[in-house]
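Trainee: Can you look at this prediction? I've put the sequence above it.
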Amino acid sequence: MKLENFVDRTGEMRRFEEMLSRDAPSVMVVWGDSGMGKTSLLAKMVHRVSAQGLKKIEIVWTDTRNYDFLGIMRKCRDDLGAAHFEAFTRETNRATSAVEFHVKVEGDIHMFNGASIRNSQIGDVTAIAIRDNMFNLPAESQSRASERMMLLTDAFFSDLAAYLATVGKPVVLFLDAVEKMSAESRQWLWGELLATIRDDRLRGLKVVTCGREKPERSRDFDDTVDEAELGPLGTEDVCDYLQSRGITANTRELAAMLIAARGSKPVDVATAVDAYLRSRPQTPP
Ligand SMILES: Nc1ncnc2c1ncn2[C@@H]1O[C@H](COP(=O)(O)OP(=O)(O)O)[C@@H](O)[C@H]1O
Ligand SMILES: [Mg+2]
């Protein structure tokens, strides 16, 4: 979407601005159907934040990029600058350091006994397969995994809180397509990150999440979360949109016809206008 064609969502943008200027902990939760304009609204917010010279982090879930809690923290670190996250990086390295293998071979190994290989070239025999290996890796127990998660998370929060205190301006974390998140990641997001914001221990961090469904959350968040459901565009907004696309004659009439025929979900309006502009005879310059 081109920003110059962006219309409507003034209420949502106003609430976003308010969130930035507010001292109190705040999270904005946006939801709406596919094509209702969540990613476009986020792009508008990102633009606003950049224009104000504020720091931001953008995380978009896709089928191939499914951030878990560690992925979310790493993306924050990388976008804000690794230098500010030394404790977290140290903890990550400790937790994920490679397991060392010492392979000891017992008994004789026979290879190619009596075999002859004709017309072969160097590289034909490329590897020795180890069959029935007997490596016993200790499975990470549930309690160890959650202990690791807590250590990493605490290190991350303390680095992030220190960073936020030094910048002294809001830092915005944008999360898009959160419906693709795993249940575990969602649990971490609400139970750890957003809960820590709610408890005012990450002052300055503002979060906007966009997803298809209205998230279920506990009442503890009532004072922290601002919820916004995106709906279809109004007639005026469709008129504005047509004009921004260069359709300046009979705008009202065309908007009314478009809405009657296709409704006013932004993606449907945009698709109809694309088709109309393609079909319209080119006016000579
Ligand atoms: N506020 C808007 N103003 C103008 N066009 C919009 C707006 N919101 C959405 N659109 C159009 O609809 C399309 C789909 O919107 P998108 O933001 O990708 O929806 P979602 O992320 O909710 O699936 C965009 O590519 C754009 O053409
Ligand atoms: Mg989207």
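Mentor: Great, that's in hand. Ligands and ions are numbered 1, 2, ... in the order given.
Trainee: How many neighbouring residues does residue 69 have?
Mentor: The local packing of residue 69 (other Cβ atoms under 10 Å) involves 21 other residues. The way it works is simple: take the backbone N, C-alpha and C, and place the C-beta from them, glycine included.
Trainee: pretty sure residue 148 contacts residue 95?
Mentor: Yes - taking contact to mean Cβ atoms under 8 Å, the distance of 5.1 Å between residue 148 and residue 95 places them in contact.
Trainee: Tell me who's in contact with whatever residue of the stretch 1-150 of the chain ends up closest to ligand 1.
Mentor: Using Cβ to the nearest ligand atom, residue 37 is the residue of the stretch 1-150 of the chain that sits closest to ligand 1, at 2.7 Å. Neighbour list for residue 37: 9, 230, 266-267 [criterion: Cβ atoms under 8 Å, 6 or more residues apart in numbering].
Trainee: Mind doing that once more with 10 Å?
Mentor: Residue 37 makes contacts with 1, 6-9, 12, 30, 43-44, 210, 230-233, 265-267, 269-270, as judged by Cβ atoms under 10 Å, 6 or more residues apart in numbering.
Trainee: again with residue 179
Mentor: The neighbours of residue 179, taking Cβ under 10 Å, 6+ apart as the test, are 31, 34, 61, 186, 210-213, 215.
Trainee: Looking at the residues you listed, which two lie furthest apart in space?
Mentor: Within the contacts of residue 179, two members stand farthest from each other by Cβ to Cβ: 34 and 186, at 18.8 Å.
Trainee: Quick check: buried residues in the one helix or strand in the chain whose mean pLDDT sits lowest?
Mentor: Between all helices and strands in the chain, the lowest mean by mean pLDDT, DSSP states H and E belongs to helix 86-96, at a mean of 89. Within helix 86-96, the residues scored as buried using 16 or more other Cβ atoms under 10 Å are 87-89, 91-92.
Trainee: Check which helices and strands it is in contact with.
Mentor: Using 3 or more Cβ pairs under 10 Å, 6 or more residues apart in numbering; DSSP states H and E as the contact criterion, the secondary-structure elements in contact with helix 86-96 are helix 69-80, helix 142-167.
Trainee: Pull the residues that contact that helix.
Mentor: By Cβ under 10 Å, 6+ apart, the residues outside helix 86-96 that reach it are 70, 73-74, 76-77, 82-83, 85, 145, 147-149, 151-160, 162.
Trainee: quick check: angle from it to helix 69-80?
Mentor: Compare the direction of helix 86-96 with that of helix 69-80 by axes from the mean of the first three to the mean of the last three Cα atoms, to 10 degrees and you get 140 degrees.
Trainee: Quickly find the element holding residue 56.
Mentor: Using DSSP states H and E, residue 56 falls within strand 55-60.
Trainee: Pull up the pairing partners for that strand, direction included.
Mentor: Looking at strand 55-60 with DSSP bridges, its paired strands and their directions are strand 171-176 (parallel).
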